[in-house]
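Peer 1: Quick check, what structure comes out for this input:
(2 chains)
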There are 2 protein chains.
Amino acid sequence: MIDKAIQDLYPEEFAHCYGCGRLNTDGMQIKSYWNGEESICHYTPQSHYTGGFPGNAYGGLISSLIDCHGAATASAAKLQDDGFSLNDRPPYRFVTASLKVDYLKPTPLGKVLELKGRAKEISRRKVIVAVTLSAEGEVCAKGECIMVQLPEDQVK
Amino acid sequence: MIDKAIQDLYPEEFAHCYGCGRLNTDGMQIKSYWNGEESICHYTPQSHYTGGFPGNAYGGLISSLIDCHGAATASAAKLQDDGFSLNDRPPYRFVTASLKVDYLKPTPLGKVLELKGRAKEISRRKVIVAVTLSAEGEVCAKGECIMVQLPEDQVK
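Peer 2: Have a look, this model is predicted:
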């Protein structure tokens, strides 16, 4: 595993996302780490991200985490598939074409959430990513994202 | 159309959601209005909800809007299907079982976004809702939510 988060390697002009941009000081700034097989992110949501009931995360937080972590996973997996490492060059930038989230049980606030992402399918400009979100070892939500790679000339 | 937003009628203990809770002062406080056939919400996202590129909304904002607006739509549609009006009693409270979002084009920040929601299917405790999100008349995203009604004894 390289010790830098994928989001910390995104080119500066793509680093403003509310969910994962290191340059968005109002945002969540999630960090996803690639270990060669899957990406892992730990994130502890603050109390204002509550759902209808205080104590559990709102659905949009969960979909946001799965979306941003999914984009990072797509980036690292595609880079590796192309024969590069995150040490070699900036990661590609992916945008979401489609996102599906199944909410399996309430996701607590104030606990460390663990997201794991894996590329299920990699093609020329598209990566399908499966993500799980767990709290204290229990899977609370599962997601699948179809991610599309931005052309390189938009990234440099 | 009754002149109160569905979210302004939710029982107080369910009014804390970051996306749609009127009691969450840090949140987005979206407002959805039911006209007897569909629900409509207008929302102008602030600049900090940017995606990777400044100028467009991050994917998680779009899924959050579709999710919260979908829950409100389910509530109003089921109430009507049961023979009640939003003037008669507090709306039911729904939670999301599953959410699917297709991102069709970039969603601009700083413009009024319009969400429209319709119930595609209503059963005893489950409502399937279709949502569109448009900016300046163009559909930017489409969503489908499977919403599950919380038991009444949890709502009163």
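Peer 1: residue contacts, the residue sitting nearest the centre point of chain A?
Peer 2: Residue closest to the mean C-alpha point of chain A, counted by C-alpha atoms, centre = their mean, is residue A:69 at 0.5 Å. Residue A:69 is in contact with A:20, A:30, A:32, A:39, A:41, A:115, A:117, A:131, counting by C-beta atoms under 8 Å, 6 or more residues apart in numbering or on different chains. (C-beta placed from N, C-alpha, C; glycine too.)
Peer 1: and it, backbone torsions?
Peer 2: Phi and psi for residue A:69, reported as degrees, to the nearest 10, are phi -70, psi -40.
Peer 1: any idea which helix or strand of chain A has the worst average confidence?
Peer 2: Least confident helix or strand, chain A: helix A:152-155 with a mean of 65, by mean pLDDT, DSSP states H and E.
Peer 1: What parts of chain A come near chain B?
Peer 2: Residues of chain A lying close to chain B by C-beta under 8 Å from any C-beta of the partner chain are A:10, A:13-19, A:21, A:24, A:26-27, A:48-54, A:58-61, A:63-65, A:67-68, A:71, A:93, A:95-103.
Peer 1: Buried among these? Need that as a selection in PyMOL.
Peer 2: In PyMOL syntax, the buried subset of these is picked out as below (16 or more other C-beta atoms under 10 Å in any protein chain shown):
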select buried, chain A and resi 10+14+15+16+17+18+19+21+24+27+49+50+51+52+53+58+59+60+61+63+64+65+67+68+71+93+95+96+97+98+99+100+101+103
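Peer 1: coming back round to it: most neighbours among the contacts of residue A:69, which one is it?
Peer 2: When neighbours are taken as other C-beta atoms under 10 Å in any protein chain shown, the top entry among these is residue A:20 (32 neighbours).
Peer 1: A helix includes it, no?
Peer 2: No - counting by DSSP: H, G, I helix; E, B strand; the rest coil, residue A:20 falls outside a helix, being coil.
Peer 1: wait, isn't residue A:141 in contact with residue A:101?
Peer 2: Yes - the criterion here is C-beta atoms under 8 Å, and residue A:141 meets it with residue A:101 at 5.9 Å.
Peer 1: Show the contacting residues for the residue of chain A positioned farthest from its centre.
Peer 2: Note on chain A: the largest separation between a C-alpha and the mean C-alpha position, by C-alpha atoms, centre = their mean, falls on residue A:53 (25.3 Å). Residues near residue A:53 by C-beta under 8 Å, 6+ apart: A:106, B:13-14, B:16.
Peer 1: between those residues, which is closest to residue B:149?
Peer 2: Of all these, residue B:14 has the smallest distance to residue B:149: 12.1 Å, by C-beta to C-beta.
Peer 1: Which stretches in chain A count as strands?
Peer 2: For chain A, the strands defined by DSSP state E cover A:32-34, A:39-43, A:94-103, A:113-122, A:126-135, A:138-149.
Peer 1: Please verify my assumption that residue A:127 contacts residue A:121.
Peer 2: Yes - counting by C-beta under 8 Å, residue A:127 touches residue A:121, with 7.0 Å between them.
Peer 1: Comparing these two, which residue is more hemmed in?
Peer 2: Applying other C-beta under 10 Å to residue A:127 and residue A:121 shows that residue A:127 carries more neighbours, namely 25 against 11.
Peer 1: what bridges to that one?
Peer 2: Counting by DSSP bridges, residue A:127 is bridged to residue A:122, residue A:147.
Peer 1: Tell me what residue A:57 is bridged to.
Peer 2: In beta-bridge terms (that is, DSSP bridges), residue A:57 pairs with residue A:50.
Peer 1: Relative to the whole chain's centre, how far out is stretch A:29-46?
Peer 2: How far stretch A:29-46 lies from its chain's middle: 7 Å, per C-alpha atoms, centre = their mean, to the nearest Å.
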